[in-house]
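Trainee: Need a 3D model of the following:
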Amino acid sequence: MESITIKNKVNNRVETVWNAYNSEEDIKEWNRASDNWHCTSTVNDLRIGGKLRYRMEAKDGSTGFDFEGTYTALDPFERIAYTMADGRKVEIKFKSKKDTTKVTVTFDPESTNLPEAQREGWQAILDNFKSYVERVYGTTAS
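Mentor: Numbers count the residues shown, from 1 in each chain. As a prediction, the model looks like this:
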């Protein structure tokens, strides 16, 4: 299956965006596709060979899942790559331009859900990330 790419532009400096994307405390706040879900636990050992682990749960307790990966590449403030527990690859790029940061996520889809549903879900999480960063850390857009 062909990989899926999603993007968003965050109106803040790359250092702020990078830190919010990788801080365990911040991840718990932005890592959800909708308001009826939440991220209940986060481990993020940001180094090559380090693990990332998130627990996502519906707020009503009806369902949940674990998301896990191992970091394979790390270029601070520019690029992160990891392999998920099921072998799929993910790459996140941070492109700084003045006081804005373009975040591009490319991932291998899984075979259970339709690719468009996966794109929408991951895009919703990235949109939530943008909103969170701009709300909590402010914007640098003029």
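Trainee: Using CSV, write out every CA atom in the lengthiest strand in the chain.
Mentor: Across the chain, the longest stretch assigned as strand under DSSP state E is strand 64-75. Once non-C-alpha atoms are left out, strand 64-75 reads as follows in CSV (Å, rounded to 0.1, in the frame of the first residue of the first chain):
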residue,chain,number,x,y,z
GLY,A,64,-8.9,2.0,23.6
PHE,A,65,-5.7,1.0,22.0
ASP,A,66,-1.9,1.2,22.4
PHE,A,67,0.3,2.9,19.9
GLU,A,68,4.0,1.9,20.0
GLY,A,69,7.1,2.5,18.0
THR,A,70,10.9,2.5,18.0
TYR,A,71,12.9,5.5,16.8
THR,A,72,15.1,4.9,13.8
ALA,A,73,16.2,8.5,12.8
LEU,A,74,16.5,11.7,14.7
ASP,A,75,17.7,15.1,13.3
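Trainee: in its sheet, what does it sit against?
Mentor: Partners of strand 64-75 in the sheet, by DSSP bridges, are strand 51-58 (antiparallel), strand 79-84 (antiparallel).
Trainee: Adding mean neighbour count and distance to E25, write the ones you listed out as CSV.
Mentor: Where you see a C-beta, it was placed from the backbone N, CA and C, and this is true even at glycine. Formatted as CSV, the strands paired with strand 64-75 follow (neighbours: other Cβ atoms under 10 Å; distance: least, Cβ to Cβ, whole Å):
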stretch, mean neighbour count, distance to E25
strand 51-58, 17, 13
strand 79-84, 18, 18
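Trainee: sorry, back to before: outside of the longest strand of the chain itself, list whatever touches it.
Mentor: 40, 45-58, 79-85, 89-91 (Cβ atoms under 8 Å, 6 or more residues apart in numbering).
Trainee: circling back: how about the strands paired with strand 64-75 in a markdown table, adding mean pLDDT and distance to T112?
Mentor: Shown next, in a markdown table, are the strands paired with strand 64-75 (pLDDT from 0 to 100; distance: least, Cβ to Cβ, whole Å):
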| stretch | mean pLDDT | distance to T112 |
| --- | --- | --- |
| strand 51-58 | 96 | 15 |
| strand 79-84 | 98 | 13 |
